[in-house]
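Student: My questions are about this predicted structure, shown below with the sequence.
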Amino acid sequence: MKNLLRTLFMFTTTICISQNIKIDTNKREFTIKEIDSICLKNGSANIVSEGKIERKIENLNKSNVVIGNGGFSNKIYLYHFDEAKYNALTNIEKRKYDFNQYSRLIKGEYHEGVNYKKSYSENIYGEFYYLNDLLFYIKVKIIRTEKNKEEISQIFNFSISELNNSKSIKNIFLFEVKSWIKKRNNEILEIYNKK
């Protein structure tokens with residue numbers, strides 16, 4: 001009788017504990033290479049936005065103003081957890097597919113190019129990596145081309161903890177990297193949330 005009560009107690013306890021453990025079968029961590037591979041395999045971006053840029057750069061005494069024109073583009077790649085199931089759906093079912101439940105934003109690509117008259121051109125590329133809509137890794141590349149001079153470039157790779165821990169990020173272009181990343185991140189998430 002004692003063993004029967006002990007077995008019953010253990011069985012009940014095991015059932016109660018196992019019901020309180022939430023197993024998230026969709027939770028999975030991706031590496032940067034896996035995310036790049038998924039985006040390459042899937043081809044074109046799921047969401048694309050483009051626009052024009054106008055910039056003015058003034059020197060300290062405002063006697064010389066350089067005007068720049070160019071454009072920007074955002075490309076956002078989504079990953080579907082059960083892509084085979086999604087592809088098997090009818091067009092009507094695809095329209096009703098709950099992307100918030102079955103997909104997560106995994107990569108946003110940003111590019112801007114600006115030409116400053118009689119001066120130089122500048123291209124900035126950003127790759128933003130997300131898990132569960134939270135930014136976890138960033139790559140930034142800045143390329144400046146001046147007339148009759150060699151192209152100058154600088155590359156930054158940050159985990160979100162490195163970015164948050166650094167007070168300022170030194171670069172050869174005196175470019176405000178942290179505020180640029182914050183602004184682009186907000187834009188990408190805003191575009192994603194409108195989908």
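Tutor: On my side now, so go ahead.

Student: what's the burial count for N165?
Tutor: 9 (other C-beta atoms under 10 Å). The way it works is simple: take the backbone N, C-alpha and C, and place the C-beta from them, glycine included.

Student: State the distance from it to K139.
Tutor: The gap separating N165 from K139 is 18 Å, by C-beta to C-beta, to the nearest Å.

Student: again with F175
Tutor: According to C-beta to C-beta, F175 and K139 sit 15 Å apart.

Student: Now the residue nearest the centre of the chain. Nearest residue, chain neighbours left out?
Tutor: Nearest to the mean C-alpha position of the chain, counting by C-alpha atoms, centre = their mean, stands F128 at 2.8 Å. In this structure, F128 finds its nearest non-sequential neighbour in G108, 4.2 Å apart by C-beta to C-beta, 6 or more residues apart in numbering.

Student: partners of the one you found in the sheet?
Tutor: When assigned by DSSP bridges, G108 has beta-bridge partners I76, F128.

Student: Buried residues in stretch 165-174, which are they?
Tutor: Within stretch 165-174, the residues that count as buried by 16 or more other C-beta atoms under 10 Å are I169.

Student: now that stretch, how far from the centre of its chain.
Tutor: Chain-centre distance of stretch 165-174: 20 Å, with C-alpha atoms, centre = their mean, to the nearest Å.

Student: pLDDT of that stretch, averaged?
Tutor: Average pLDDT, stretch 165-174: 80.

Student: can you list contacts of it?
Tutor: 122, 142, 144, 152, 154, 156, 158, 177-178 (C-beta atoms under 8 Å, 6 or more residues apart in numbering).

Student: so of those residues, which ones are in strands?
Tutor: 122, 142, 144, 152, 154, 156, 158 (DSSP state E).

Student: mind listing the helices for this structure?
Tutor: Assigned by DSSP state H, the chain shows helices spanning 2-20, 32-42, 83-88, 91-95, 99-102, 160-165, 177-194.
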